[in-house]
Every structure is written in C-alpha cells, then in structure tokens.
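Asker: Give the three-dimensional model of this entry:
(one chain, ligands or ions: 1)
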Amino acid sequence: MTSVTPADVVGRLTIEQKARLVGGASYWTTTELPDVPAAYLADGPHGVRRLDPANGAVAGAEPATCFPPAVALGATFDTALAERVGAAIGAEARERDVGVVLGPGVNVKRSPLCGRNFEYVSEDPLLGGRIGAALVRGIQSAGVGACVKHFVANDQETERLRVSADIDERTLREVHLRPFQHVVTEARPWTVMSSYNRVNGTYVGEDARLLTGVLRDEWGFDGLVMSDWVAVHDRVAALRAGLDLEMPAPGEARVGQIVEAIRSGELAEDDLDRAAGRVVALSRKIRDTTTPSDATDLVDHHDLAREAAAHAIVLLRNEPVGDTDADTAAPLLPLASNARVAVVGELARTPRYQGAGSSQVVPTRLDDALTALTADFPDVAFAPGYALGPDAGDDTALAAEAVAEASDADVVLFFAGLPDDAEAEGRDRTHIDLPPVQVDLLESVLDVNPRMVVVLSNGSVVRLPFADRVPALVEGWLLGQAGGSAVADVLTGRVNPSGRLSETIPHRLADTPAYLDFPGEGLHVRYAEGVFVGHRWYDARDLDVAFPFGHGLSYTTFGYDGLTTATHHDELRVTLTVTNTGDVPGREVVQCYLGRDESAVARPPRVLAAFGVVELEPGESRRVELTVPAADLAHWSVREDAWTTEGGTWRVEVGASSRDIRLTGEAEITGDDAVRPITAGSTLREAIADPTVGPLVAGALTGMSEDVREMALAIPVGRMPFVPDSGVSEEQLDELIALSDGSAGRLRRTAAKVLGSMARRRHGAS
Ligand code: BGC
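Answerer: Numbers count the residues shown, from 1 in each chain. Got it, this is the predicted structure:
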C-alpha cells in the first residue's frame with residue numbers, strides 16, 4: 001500500500017479548501033476535511049481544560065487533575081518530576097480525545113507585575129527551558145502534542161494584542177528566545193503558539209525571521225505554528241511568514257481574503273500549501289498515534305499532584321524560637337506532632353490553587369490545608385481572620401476573633417496570599433503587596449503570639465515586610481488541587497522541603513529589573529534591562545534582596561566538597577560531592593553558575609548553567625555531575641550576528657542558591673571568538689589584536705604616551721590617509737589591509753608610519 005503524504009492530500013484540495021483548513025473550525029477544533037480529521041486543542045498548561053467546541057468561556061470544562069501551575073513546577077527545579085506531571089496531563093488529554101495540550105508557557109518573567117506569571121516557569125531562561133522541555137517530553141510521551149507558548153516576548157498582559165516588545169538582538173537571543181530554543185531543540189514539540197504582541201514593531205505572527213528563520217531554519221522545528229486566539233492581524237502576511245494555523249475560528253471572511261490574495265498574486269500558492277500541509281500532518285499524527293490502553297487513574301494523578309506540590313514549596317526561613325540563651329531554642333518547623341495549632345486565614349480553608357484565565361482547570365477534587373491539618377493534629381483552632389473576594393475589606397470582628405484564637409496556641413499557622421482578582425490573565429499588577437488587611441492582621445497576631453509560621457499563596461512574588469519578624473516563612477505559590485495536603489506534608493515534616501525560588505523576592509518593586517520599563521508607553525515597551533533579567537540584575541547591581549533566586553531551606557543540612565571541572569569537546573562537566581550532614585533524609589537542589597571577569601560583552605556576575613536534584617539519607621554522600629553543553633557558553637555577538645564563545649578562564653561556582661555559593665573553581669574553555677579580517681573599518685586596537693598583524697603593529701606603539709596611545713588605538717585605519725601629516729596614503733592603507741597574510745616588512749613600515757605620525761602630532765600639539 002502506498003502511503004498518502006500530507007502533500008498528496010493538499011494536492012487534491014481546492015484553494016478554498018486549503019484556505020479553510022488553515023483556520024480553526026470552532027473555539028477548540030481544527031477544520032475537518034475528507035481524510036483530514038479535526039484535531040481538538042485544549043488548554044493547558046497544568047491540566048486538561050476540555051470544553052464543548054462551541055464554548056469559548058473559561059467555565060464549564062470537564063473535570064481533570066489540576067496539577068501545580070508552572071510557577072510551582074519551576075520551583076521544584078526537578079525535570080524528572082515535571083516530565084512525570086507532563087505524562088499524566090498527556091494521558092488525561094489522550095483519554096479525552098484531545099490532540100494538543102496548549103502548553104507549557106515558558107516566557108521569561110521580566111517583571112513580577114506580569115499578571116500571568118503563574119503560568120510561566122521562571123525569571124531564568126535556562127530553568128524555564130529545561131522544565132518546559134521536560135513537560136513537553138512528558139505530554140508527548142502519551143501520544144498527544146504539546147504547544148509551547150507564547151512565542152515570543154509576551155511578558156505582560158497590558159496591551160498584549162498590540163504592544164511592541166522592543167528588544168536588542170543579544171537580549172532577544174540570550175534571554176527571551178532561549179527557553180523556546182531549549183524546548184524546541186531538546187523536546188521537539190509538535191506545535192508552537194505564536195504570541196499576540198509585536199517584537200521590534202512587527203507582529204510575531206508576521207515575522208518570517210522569527211517564525212521561519214530562527215524557529216525552523218536555525219532550530220530545526222518541523223511542527224506546526226498556530227496563532228494565539230484572535231492574534232492574527234494580517235493573515236496574508238502571517239501565511240508568508242510561516243504562521244500555519246489561525247485560531248480559533250476565523251470564518252469565511254478570512255477564507256475570502258486568502259483566496260483573493262492567491263488570485264491577485266499577493267500570496268504564493270506554495271505558502272498556502274505549506275501551511276495546509278502542516279495542518280494535515282498534525283491532524284494525521286494525532287489520528288495515527290496509538291492510544292495507550294490503560295485508563296488513567298485519577299487517584300494516582302492526585303497523588304502525583306500532591307508530590308509535585310510538596311516539592312514546589314519553598315521553606316524561606318525557619319529560625320529557632322524560644323529562650324535564646326537556652327539549648328531548647330528550636331525552629332518551629334517541622335511542627336511537633338502534639339502541638340496545639342491555631343490556623344489563621346481564610347486561604348487555609350479556601351485555597352487559591354491556580355490563576356485566573358484560560359489556564360483554569362476544573363479539578364477532580366480539592367484539598368485544603370485546614371482539613372489536612374485537622375487530620376494531622378489533635379488540637380486545631382481556626383479563625384478565618386479576613387475575607388476573600390472583591391468586597392473583602394477590614395473586618396474588625398473577624399480580626400479580633402483571630403487574635404483571640406491565636407494568643408495561647410503553641411504555634412500559629414498564618415495563611416496569607418493574593419486573592420484571585422489580584423493576578424489574572426488579561427491584566428497586570430500595579431504593585432507587589434499583599435492585601436493590607438492581611439498584613440495588619442498578621443502584625444496584630446504576632447504581637448500576641450510570636451510563634452508564627454506564615455504560609456503564602458501567590459502566583460508571583462509578593463513583598464514581605466514582616467519577613468524578619470516571623471520565625472518561619474513558607475512560600476506556597478499556587479499549588480494545584482492537592483496543594484492543601486502538600487502544605488500539611490511539609491509543615492509536619494512528612495515531606496522535607498526542597499523547593500527553590502525560581503524568581504527572586506525583592507525588598508521592593510523599585511529594585512526590580514524592569515521597574516522603569518513596564519508595561520511601556522505608546523504601545524512600545526523597551527526591554528532596557530537587557531540580558532540582566534531576574535537574579536542577574538540583582539547580582540550585577542549588588543542589590544540586597546529579601547530572598548535570592550535558588551534559595552530554599554531544608555529540615556536537614558548539606559555539605560559540599562570536592563569540586564572538579566573538566567572540558568570535553570562539546571560540554572563542560574562539573575563534579576562535586578554532596579553530603580547530607582543532618583538527621584533526616586532530604587533532597588538538595590545543586591546549582592552551578594558560570595561567570596567571567598574579563599569579557600568583550602557586559603555580563604552578569606553569574607549565570608545559571610546547570611542544576612540537579614540529589615536525594616540523600618542522613619550521613620550519605622554522593623558525587624553529583626552537572627553538565628553544561630558548550631553551546632550554552634556562547635553569547636550572541638551583535639557584530640558577528642552569530643553565537644560566539646569566549647575562550648580562556650571561566651569561573652565555576654556551585655551552591656545552594658545564587659547567593660549561597662559553596663564551592664568555586666575554574667574551567668579553561670576553548671573559544672571560537674571570530675578572527676575578523678582587518679578592514680578599513682578596523683581600529684588600530686583591532687589591528688593590534690589581530691594574530692598576524694598584531695605583533696607588527698604593536699611595536700610601532702613603543703614610546704607613545706598613554707593618552708596619545710589610547711586615542712590612536714580608537715581610530716579606524718581607513719581614516720589615516722585623511723589625518724593631516726599622517727604620511728599614510730590610500731595605497732599604503734590598502735597594503736596594510738591586504739598584507740595581513742604576508743609581506744611583514746612592508747606592513748611594519750606602514751603601521752609604524754601611521755602611529756609615529758600620530759605621536760608626533762600629539763607631542764607637537766602639547
Ligand atoms: C491565551 C492562550 C490560550 C488561548 C486559548 C489565549 O487568550 O493567551 O494561552 O491557550 O487563549 O484559550
């Protein structure tokens with residue numbers, strides 16, 4: 001039997017049929033044609049949101065496991081765990097006849113104000129890329145496509161359908177494209193979603209350089225590019241650029257536009273055929289993938305959601321309390337099993353477990369921390385303390401009741417966090433504060449009982465003005481449907497916390513990297529922080545932060561030693577020994593950062609280059625090897641318009657956070673710094689740095705004073721014939737340019753003349 005290729009299928013279609021095929025047929029389905037089944041596309045990203053195809057609303061989806069959103073998965077730093085979560089989402093999708101899961105989202109969090117940060121993994125491009133790739137591998141292992149989104153630079157909600165993210169090429173490459181590059185090259189997603197916004201003035205959906213040049217030609221992407229919902233501005237330009245599928249259901253008007261563009265010659269039929277072929281290929285890939293035979297087990301998936309949530313919780317602080325002179329002073333966590341516990345805060349009873357907008361999953365069940373804690377402790381008092389919801393304000397009676405309940409408990413568990421309306425798809429925050437009513441109550445309770453553990457629920461970081469006053473502080477993000485049980489697991493010590501901050505907690509909004517450039521003005525937002533996003537910014541500016549990137553405590557302690565580095569042709573290997581030096585089993589997230597003292601480009605002091613999780617029994621030691629692909633050491637050279645690796649000595653730092661470096665070493669890296677030919681535009685400095693020309697020209701500088709030398713070095717050699725009295729003719733200059741490959745004597749004479757005449761002029765002038 002001869003197989004029918006997508007091109008064969010497309011070859012039999014009329015222009016109208018093809019034009020219809022490159023647009024969706026409903027909110028969630030692609031267009032069906034003979035031999036081309038409709039594909040169902042479902043949000044995503046942290047669970048399956050299957051709705052009736054005609055239902056474009058957020059509500060009304062079939063229940064599915066609500067796994068921890070990306071913000072929490074990022075904090076696990078655990079790619080194996082993310083892959084298992086992906087596989088479970090994929091299995092539920094497959095069972096519901098979903099062909100593509102619309103996620104993960106890997107945009108870089110350049111500001112904590114972005115209303116959709118809960119849907120993104122990290123402020124760090126490597127962490128975002130690695131966790132994103134793991135999710136894609138997992139989802140696709142179930143025979144379902146993933147859709148990595150939102151490609152690219154959709155890092156704010158304000159004016160997301162119109163704003164232009166104005167980004168210099170190095171920043172675009174090294175930061176904002178980077179997580180997508182990891183996902184595409186490491187996990188080969190079936191689809192990519194192009195974002196709403198423009199980049200440097202051009203809609204991403206119409207940007208051939210991004211959609212075809214970078215994504216396909218450079219990274220080798222061979223899947224389908226779909227638009228975000230209602231993102232297409234000019235369909236003809238989008239088809240030319242490489243945007244294959246317009247979603248959701250653009251209708252007959254679009255079909256007419258496409259047909260007309262082909263008839264008038266504005267659009268080549270090949271461009272339409274290519275896009276239609278990719279829709280056919282996706283639809284058949286979904287059809288031809290074998291459905292796994294086992295039904296998914298929602299109980300197992302709930303347990304997995306609980307495990308992932310527990311590993312996402314970050315223990316920020318756990319100071320000893322009690323009589324400070326006595327040996328009895330001990331941290332509050334893990335909680336003593338017989339503790340009389342006062343739980344304060346509505347969020348303990350009514351958990352906020354996911355963010356608002358298109359990613360909302362209808363959970364199969366929902367655990368709250370209050371119920372879980374009540375099962376764990378013999379004596380639990382509860383007071384909501386504050387109300388949630390749009391009308392929540394000061395409620396003196398609620399507050400007074402909470403203060404009274406808390407006053408004589410052994411320990412107060414204070415649940416604070418952002419309400420649903422504080423962060424949502426479609427709008428950005430304007431501040432990073434918790435509701436004042438919660439902070440005021442927290443302070444009042446602290447006054448009567450300082451033995452307090454604060455548990456936070458938030459989709460992006462919040463300011464913690466009380467951090468130094470509370471002995472224990474737990475970052476609980478938005479943890480999905482099993483988050484309540486996971487919080488109890490960590491507070492009781494059933495699970496030893498190992499989550500790490502995937503975003504820095506600053507002291508104040510004004511310290512954050514994009515503070516002066518978010519969300520932009522006049523439909524433009526300048527990415528003026530450049531490559532200094534997230535922790536790179538705070539380190540480069542030497543800014544104190546509340547809690548640094550990568551930070552997270554454990555109920556045990558870990559020792560680091562024995563760092564070695566070795567380079568192989570395509571990677572750097574960093575090896576060290578980690579020992580559990582405490583009394584309980586624990587997981588350590590080992591982080592490797594790289595830096596250089598000398599560089600041709602502005603660099604942050606350290607860049608996250610690799611990370612890994614190691615699980616150790618008390619007293620156990622293990623060698624941990626982290627590898628950094630050589631390609632990850634490259635920076636984007638704007639001059640060369642290419643990736644370039646600087647050779648020489650690189651600093652290797654390994655630690656428990658970006659500001660808790662335990663071991664420092666060095667690695668010798670072979671660079672591929674471009675050797676540029678000497679041209680008329682080269683400066684004398686560059687001529688000196690040239691391996692052939694340099695030794696000859698350097699001699700000519702002897703005896704020149706420092707100030708003259710500096711000025712001379714900055715002059716492009718092509719200007720020399722026009723410097724009065726330089727004595728350099730255009731012919732001589734041509735020789736200088738041509739002779740870098742030989743004729744050393746003549747070159748030396750020319751160079752000496754150039755520099756000598758400059759020195760004379762300088763001395764004569766002074
Ligand atoms: C969001 C996407 C989502 C799509 C479908 C858009 O508004 O930006 O992330 O997948 O809607 O719900």
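
Asker: can you give me the strands for the stretch 101-250 of the chain?
Answerer: Assigned by DSSP state E, counting those that start in this stretch, the stretch 101-250 of the chain shows strands spanning 145-151, 164-166, 191-194, 198-199, 202-203, 224-227.

Asker: JSON lines please, covering those strands and showing mean neighbour count, mean pLDDT and distance to the ligand.
Answerer: C-beta here means a position set from N, CA and C on the backbone, and glycine is covered the same way. Formatted as JSON lines, those follow (neighbours: other CB atoms under 10 Å; pLDDT from 0 to 100; distance: least, CB to the nearest ligand atom, whole Å):
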{"stretch": "strand 145-151", "mean neighbour count": "28", "mean pLDDT": "98", "distance to the ligand": "6"}
{"stretch": "strand 164-166", "mean neighbour count": "21", "mean pLDDT": "98", "distance to the ligand": "15"}
{"stretch": "strand 191-194", "mean neighbour count": "28", "mean pLDDT": "98", "distance to the ligand": "7"}
{"stretch": "strand 198-199", "mean neighbour count": "23", "mean pLDDT": "98", "distance to the ligand": "15"}
{"stretch": "strand 202-203", "mean neighbour count": "20", "mean pLDDT": "98", "distance to the ligand": "15"}
{"stretch": "strand 224-227", "mean neighbour count": "27", "mean pLDDT": "98", "distance to the ligand": "9"}
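
Asker: And those: which comes nearest residue 43?
Answerer: Smallest distance to residue 43 across the strands of the stretch 101-250 of the chain (CB to CB): 9.5 Å, for strand 145-151.

Asker: Now do the same contact list for the closest residue to the ligand within the stretch 51-200 of the chain.
Answerer: Residue nearest to the ligand within the stretch 51-200 of the chain (CB to the nearest ligand atom): residue 102, separated by 3.9 Å. Contacts for residue 102 (CB atoms under 8 Å, 6 or more residues apart in numbering) come out as 41-45, 147, 149, 193, 358.

Asker: pull the CA atoms of stretch 221-233 into PDB?
Answerer: Extracted C-alpha coordinates of stretch 221-233, given in PDB (Å, rounded to 0.1, in the frame of the first residue of the first chain):
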ATOM      1  CA  PHE A 221      11.400  22.900  14.200                       C
ATOM      2  CA  ASP A 222       9.300  20.800  11.900                       C
ATOM      3  CA  GLY A 223       5.900  21.000  13.500                       C
ATOM      4  CA  LEU A 224       3.000  23.400  13.200                       C
ATOM      5  CA  VAL A 225       2.800  27.100  14.300                       C
ATOM      6  CA  MET A 226      -0.600  28.200  15.400                       C
ATOM      7  CA  SER A 227      -1.700  31.700  16.400                       C
ATOM      8  CA  ASP A 228      -2.800  32.600  19.900                       C
ATOM      9  CA  TRP A 229      -6.500  33.100  20.000                       C
ATOM     10  CA  VAL A 230      -7.600  36.000  17.800                       C
ATOM     11  CA  ALA A 231      -3.900  37.100  17.400                       C
ATOM     12  CA  VAL A 232      -3.800  37.300  13.600                       C
ATOM     13  CA  HIS A 233      -3.600  40.800  12.300                       C
END
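
Asker: Residues in contact with that stretch: which ones?
Answerer: Contacts for stretch 221-233 (CB under 8 Å, 6+ apart): 27, 41, 145, 147, 149-151, 154, 161, 184, 188-196, 203, 205-206, 211, 215-216, 238, 242-248, 250, 278-279, 281-282, 358.

Asker: Now, of those, which are buried?
Answerer: 27, 41, 145, 147, 149-151, 154, 184, 188-196, 203, 205-206, 211, 215-216, 238, 242-248, 250, 278-279, 281-282, 358 (16 or more other CB atoms under 10 Å).

Asker: residue ranges for the helices of the stretch 601-750 of the chain, please.
Answerer: Using DSSP state H, counting those that start in this stretch, the helices of the stretch 601-750 of the chain run over residues 684-689, 694-700, 706-713, 730-738, 744-765.

Asker: wait, is residue 473 part of a strand?
Answerer: Yes - Residue 473: assigned to a strand according to DSSP: H, G, I helix; E, B strand; the rest coil.

Asker: That one: how many residues sit nearby?
Answerer: With neighbours defined by other CB atoms under 10 Å, the count for residue 473 comes to 28.

Asker: What is the burial count for the residue in the stretch 601-750 of the chain that the ligand sits nearest to?
Answerer: The nearest approach of the stretch 601-750 of the chain to the ligand comes at residue 608, 25.9 Å away (CB to the nearest ligand atom). By other CB under 10 Å, 23 other residues sit near residue 608.

Asker: Identify the residues contacting it.
Answerer: Applying CB under 8 Å, 6+ apart to residue 608 gives the contacts 124, 126-127, 535, 549-550, 591-593, 658.

Asker: Test for you: state the pLDDT assigned to it.
Answerer: pLDDT for residue 608: 98.

Asker: which residues does it bridge with?
Answerer: Under DSSP bridges, the beta-bridge partners of residue 608 are residue 593.

Asker: picking that back up, what's the separation between the residue of the stretch 51-200 of the chain closest to the ligand and residue 239?
Answerer: Per CB to CB, to the nearest Å, residue 102 is found 21 Å from residue 239.

Asker: Equivalent analysis for residue 260, please.
Answerer: As judged by CB to CB, residue 260 and residue 239 stand 13 Å apart.

Asker: More neighbours: which of these two?
Answerer: Using other CB under 10 Å, the more surrounded residue of residue 260 and residue 239 is residue 239, with 27 against 13.

Asker: State the phi and psi torsions of residue 379.
Answerer: Dihedral pair for residue 379: phi -130, psi 100, per degrees, to the nearest 10.

Asker: Sketch out the low-pLDDT regions of the stretch 251-400 of the chain for me.
Answerer: Counting by pLDDT under 70, the ranges of the stretch 251-400 of the chain that qualify are 291-293, 323-326, 390.

Asker: and if we set it to 90?
Answerer: Within the stretch 251-400 of the chain, the stretches with pLDDT under 90 are 290-296, 322-329, 389-395.

Asker: who's in contact with the residue of it found nearest the ligand?
Answerer: Closest to the ligand within the stretch 251-400 of the chain is residue 358: 3.5 Å, counting by CB to the nearest ligand atom. When contacts are counted by CB under 8 Å, 6+ apart, residue 358 touches 43-44, 49, 58, 102, 229, 425.

Asker: Same question for residue 348.
Answerer: Taking CB under 8 Å, 6+ apart, we find residue 348 in contact with 368-370, 373, 382, 413, 415, 455.

Asker: Tell me how far the most centrally placed residue in the chain lies from residue 67.
Answerer: The centre of the chain sits closest to residue 128, judged by CA atoms, centre = their mean, with a distance of 3.3 Å. Separation of residue 128 from residue 67 (CB to CB) stands at 17 Å.

Asker: Now residue 563: closest residue in space, sequence neighbours ignored.
Answerer: The spatially closest residue to residue 563, leaving aside those adjacent along the chain, is residue 663, at 4.1 Å (CB to CB, 6 or more residues apart in numbering).

Asker: Report the beta-bridge partners for the one you found.
Answerer: residue 654.

Asker: contacting residues around it?
Answerer: Residue 663 touches 560-561, 563, 576, 653-655, counting by CB under 8 Å, 6+ apart.

Asker: list the buried ones in stretch 415-423?
Answerer: 415-419, 422-423.

Asker: Now tell me what touches it from outside.
Answerer: Under the contact criterion CB under 8 Å, 6+ apart, stretch 415-423 has outside partners 115-118, 343-348, 352, 355-356, 369, 388-390, 392, 429, 434-435, 438-439, 442, 454-460, 462, 476.

Asker: Out of these, which sit inside strands?
Answerer: Mapping those onto strands (DSSP state E) picks out 343-344, 454-457.

Asker: Which two among the residues you listed are spaced furthest apart?
Answerer: Greatest spatial distance in the ones in strands among the contacts of stretch 415-423: 343 and 456, 14.5 Å, computed using CB to CB.

Asker: Show me which of these two is the more surrounded one.
Answerer: Comparing residue 343 with residue 456 by neighbour count (other CB under 10 Å), the higher total belongs to residue 343, at 27 against 23.

Asker: Bridged to that one, which residues?
Answerer: With DSSP bridges applied, residue 343 shows beta-bridge pairing to residue 382, residue 413.
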